[in-house]
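Enquirer: pasting the structure only:
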């Protein structure tokens, strides 16, 4: 699934003594359902022009441009119209700005104060060298696409024969560590598994990091070709006894695709893998995340209705060009009636949404149903989901199990892990906006489930 980053549209209104009083960094903390999220605004001036960027330290994000900034009559206004949020605050005369933060129906108090220095995040699970295993920088070719993939291979030091898994990232351009909000889940997972005697290959997505290719024109099927190239690379190593795939989120769609067509795949692990068709995944995700951010029932139902109609038009189309015509016609009719959802209420917002839906990746994803592929997977499968996952809901486990068993797969293990979110972090809320606020990168419980299951397969050989 598309990785979720908190979109930001702030209108900051501040009463100040003079322009110099406003320039500089301003920090504040949102309290979202008991979870704290820090924000830092960097306001600067050049002559009569103002610019602002924002950091979200707990999400590992820096320098987010805020669009148009104006300072007039002691009022500072900062806008990023494509992103959807608002903050209004009043200068208190003592390096403090008190105001209200709003996002899609969520209203929270927020006080900004002047800050110095950088906020650092604690990531205690991130391993540091020296490592008790071999680490090799590798490249391999997807000849079909003319793409060179670059990655890291970690191998047990003492084992003569060992299983090796290929880690498959979720949606969006990901590096080999699946880095998100200053977390590196694949680095932590690779370190854990290799210490357990299991080799790991993780690699940069095409067009990311040191890998060549164009990410923006690729679909899930193209990424499956990249993973198959990784399997072919590994099978030439005489010490590799079994090759497995561990796919997270969209990677949980890719792993079955590769396992169905490659006899070299001995097992697969699906971490928050989709079982439902893409449009249903996105609608369920939207509903649950809307609830988590405080959207009203009426707003959520209307927005879901519009998105459902848009996805239906995609499903009925035979090409993205055909879908584009239908979508524009439908959205133009909503605009004329003044009924566009809040994120589409201008032409740029509507056009941005259409481009996203009609991108090669999204157009394929909306239409893709994992069930027929799952029915053809015969190798052992472990499927895990966090009970608080709002991006791929735990109900997908039931669908995955049903599909595998319908194909007479007799080695299926399915588990819902209590209190874990989409990244398999222990959490109070599964909201993606809060991933960066959690110090834990990957639940030790989930790590053990994965490692123990793979070692159990090894013992059976």
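Expert: Noted; the coordinates are in hand. Only a predicted model underlies this, so the values are computations on that prediction, with no experimental measurement involved.
Enquirer: since we're on residue 410, how many residues are nearby?
Expert: Applying other CB atoms under 10 Å, we find 8 residues neighbouring residue 410. Where C-beta positions appear, they are placed from N, C-alpha and C, glycine not excepted.
Enquirer: Phi and psi next, for it.
Expert: phi -100, psi 10 (degrees, to the nearest 10).
Enquirer: Could you do the one 4 residues further on as well?
Expert: Recorded main-chain torsions at residue 414 are phi -130, psi 130, according to degrees, to the nearest 10.
Enquirer: Is it in contact with residue 399, as I believe?
Expert: No. Assessed by CB atoms under 8 Å, residue 414 is found out of contact with residue 399, at 10.2 Å.
Enquirer: Burial check on residue 452, number of neighbours?
Expert: Each residue near residue 452 was counted by other CB under 10 Å, and the total is 11.
Enquirer: mind listing what's buried in whichever strand or helix holds residue 38?
Expert: Using DSSP states H and E, residue 38 falls within strand 35-46. Neighbour counts over strand 35-46 (16 or more other CB atoms under 10 Å) mark 35, 37, 38, 39, 40, 41, 42, 43 as buried.
Enquirer: same question, stretch 221-229
Expert: 222, 223, 224, 225, 226, 227, 228, 229.
Enquirer: contacting residues around residue 227?
Expert: Contact partners of residue 227, counting by CB atoms under 8 Å, 6 or more residues apart in numbering, are 166, 168, 245, 254, 255, 258.
Enquirer: so can I have a markdown table of those showing neighbour count and pLDDT?
Expert: Converted to a markdown table, the contacts of residue 227 look like this (neighbours: other CB atoms under 10 Å; pLDDT from 0 to 100):
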| residue | neighbour count | pLDDT |
| --- | --- | --- |
| 166 | 30 | 98 |
| 168 | 33 | 98 |
| 245 | 28 | 98 |
| 254 | 29 | 98 |
| 255 | 30 | 98 |
| 258 | 26 | 98 |
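Enquirer: Kindly indicate which of the residues you listed lies nearest residue 312.
Expert: When the contacts of residue 227 are compared for distance to residue 312 (CB to CB), residue 254 wins out at 25.8 Å.
Enquirer: quick one: that closest one is in a helix?
Expert: Yes. Per DSSP: H, G, I helix; E, B strand; the rest coil, residue 254 lies within a helix segment.
Enquirer: just to revisit the earlier point, residues contacting the strand holding residue 38, please?
Expert: With CB under 8 Å, 6+ apart, strand 35-46 has contacts from 6, 10, 12, 19, 22-30, 50-59, 66, 69, 71, 76, 78, 110, 112, 115, 119, 428-429, 431, 433-434, 436-437.
Enquirer: And stretch 245-259, by the same measure?
Expert: With CB under 8 Å, 6+ apart as the contact definition, stretch 245-259 has outside contacts at 1, 165-171, 178, 185, 189, 220-221, 223-224, 227-228, 231, 265, 267-274, 365, 368, 370, 373-374, 376-377, 379, 383, 391-392, 422, 450.
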